[in-house]
Structure formats: structure tokens, C-alpha cells
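1. build me a structure from this.
(chains A and B)
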Amino acid sequence: MKRRNFLKVGLAVTLSSVLSPGLVLGRYPQKAFDNKNVAGAISALHGSSSFPPSDSIDIIAPRVAKNGKVVPIQVISNIPNTESISLIFESSIHPFLASFNIFGSEAFISTRIKVEVTGNLLVVVKAGGELFSTKQKIQVSADNSCLA
Amino acid sequence: MKKSINIRAYEKDGIVTVKSMTRHPMESGLRKNKKTGKKYAAHFIQEVIVQSANKTVMQAYWGGAISRNPYFSFRFKGQSGNDLIFSWTDNTGRSASETIRIQ
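-> Okay, the predicted model is just below:
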């Protein structure tokens, strides 16, 4: 009887660890990264393509990028209950760059991105189930292509 | 072998600032070899998870458009003395992790 219970419990534990993602909170949003359309990429991740502009998101990024392979950017969201920050570069072939899930109150991220052609960096913030956005233009010189 | 993750974290007034630098090629899969015209195979970090005191404090999904040897900094509410586990997984299934103590 004990052995039988042990088997049952063991099976349940194995199944649940296989079936449920466990520690992993979500799955890699491949559809958002593959989408070549800005609104399509956002709706693939957040399920909504309405992202009104907001003054409460700050982008710190160079207006002119000297090296398109390494463009430092910082994003600070002052919107309460920020859940996630997504980076989208509007003129890229694959506009969706990255998404950051925030836990807690500090919505600050800083990283470096590749920018191939001059365009707008669009930051979409999800807060309280709603989407907000801010844009900033980043200029790169023509001989700075990351693809070459 | 050199460590693939360089990470520091310090607390000030209850806010922990994490700064990290990971050694990774971050090949987007779009770049072409100029001589052969063939594309370099995609090889980039897809997911970064940072945990502290048994809680996830940051989860990021990256594409190939994050720069090579990615720098990543963020803040969260935490305490010095707690542990911080930074781990990444790339598109080839490789992963690495580094554990430090918050200063």
C-alpha cells in the first residue's frame, strides 16, 4: 500500500513538474519577436495594440548614435504598478527588441541595443493591465549597419 | 575558463541596484559573412531571470538586437546581505548562472 502511494505521489510530482512551467513565469514570446509589424508585435505579447502616449515614461538614449552596434539606453517608468517594459525599434526588420517583467515598484532598466537605421525607439509600459508608450528618435550614420 | 557573468549589486535606502555584464556573442542570425555571403547562425540570450531571497525580481526576454556582451542594469526593492541569482538561457539551450551577495 505504501509503495503504491509512493508511486502515485511520485507520478503526480513528475507530471506537474513537466506540465506546469514551474519557476518559469511565462514562455518566450517568439511571435512578438518574429512579427515585422510594430502593432502586431505588441498585440502578440500584450494582447492589445492600443498604447496611448504617456509623459510618465522617461527614455535616456543618445539622439545621435556614434556606434549603431552599441547604443546605451535607459528607461524609467513613473507609472504606478508597472508590470513590464517592452522595447521596440520602429524601423527595424524585426522591431521587437526585448521585454522586461518588473516585480515590485522600481521600474528602471538599462541596457545596450543594436540600431541599424535611424528610427524611433518605442517603449511600451504595461501598468495595471493597460499599455502606455513613449518614443524617442535615434539617429545613426549610414555606414553603421549591424547587418554588414 | 573565465566567468561568463560579471555582476554587482548594492543596496541603498532599500533599493538594490544590479549591474551585470555577460559574455555572449548575441548573434542575431541576420548578419552576413562578407566573404562568403552566408548568414552567421543565430546565437543569442533569450531569457534572463534574476532571483533574490527565493523571489523572482526580474525576468527579461531578449532578442538578437541586444548588443554583444550584453550590459544589463535594473533596480528592485531588496536588502543587502541577501543572495542574488542571475541566470540566462540562450536559443541553443545553453545556460549559465551566477550567485552573489548584495552589498
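
2. let me see the ranges of the strands in chain B.
-> Taking DSSP state E, the strands of chain B run over residues B:5-12, B:15-22, B:45-52, B:55-62, B:71-77, B:83-90, B:95-101.

3. buried set for the fourth one?
-> Neighbour-count burial for strand B:55-62 flags B:56-62 (criterion: 16 or more other CB atoms under 10 Å in any protein chain shown). Placement of C-beta: from N, CA and C, glycine included.

4. now those in CSV, with distance to chain A?
-> Output for the buried residues of strand B:55-62, formatted as CSV (distance: CB to the nearest CB, whole Å):
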residue, distance to chain A
B:Thr56, 6
B:Val57, 5
B:Met58, 7
B:Gln59, 4
B:Ala60, 5
B:Tyr61, 5
B:Trp62, 5
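
5. centre-most residue in chain A?
-> Central residue of chain A (CA atoms, centre = their mean): A:Ser99, 1.3 Å from the mean position.

6. now do the contacts for B:Ser28.
-> A:114, A:146, B:42, B:44, B:63-65 (CB atoms under 8 Å, 6 or more residues apart in numbering or on different chains).

7. from the residues you listed, which is closest to A:Val75?
-> Closest to A:Val75 out of the contacts of B:Ser28 is B:Ala65 (15.0 Å), distances taken as CB to CB.

8. give the contact list for that closest one.
-> Shown in contact with B:Ala65 (CB under 8 Å, 6+ apart): A:89, A:92, A:94, A:97-98, A:113-114, B:28.

9. give me the low-pLDDT residue ranges for chain B?
-> Applying pLDDT under 70 to chain B picks out residues B:1-2.

10. at 50 what do you get?
-> Along chain B, no part satisfies pLDDT under 50.

11. for chain A, what are the nearby residues on it?
-> B:15, B:28, B:30-32, B:34, B:46-47, B:49, B:55-68, B:70-77 (CB under 8 Å from any CB of the partner chain).

12. gap between the closest residue to A:Val38 other than its chain neighbours and B:Val50?
-> Nearest non-adjacent residue to A:Val38, counting by CB to CB, 6 or more residues apart in numbering or on different chains: A:Pro95, 5.1 Å away. According to CB to CB, to the nearest Å, A:Pro95 and B:Val50 sit 26 Å apart.
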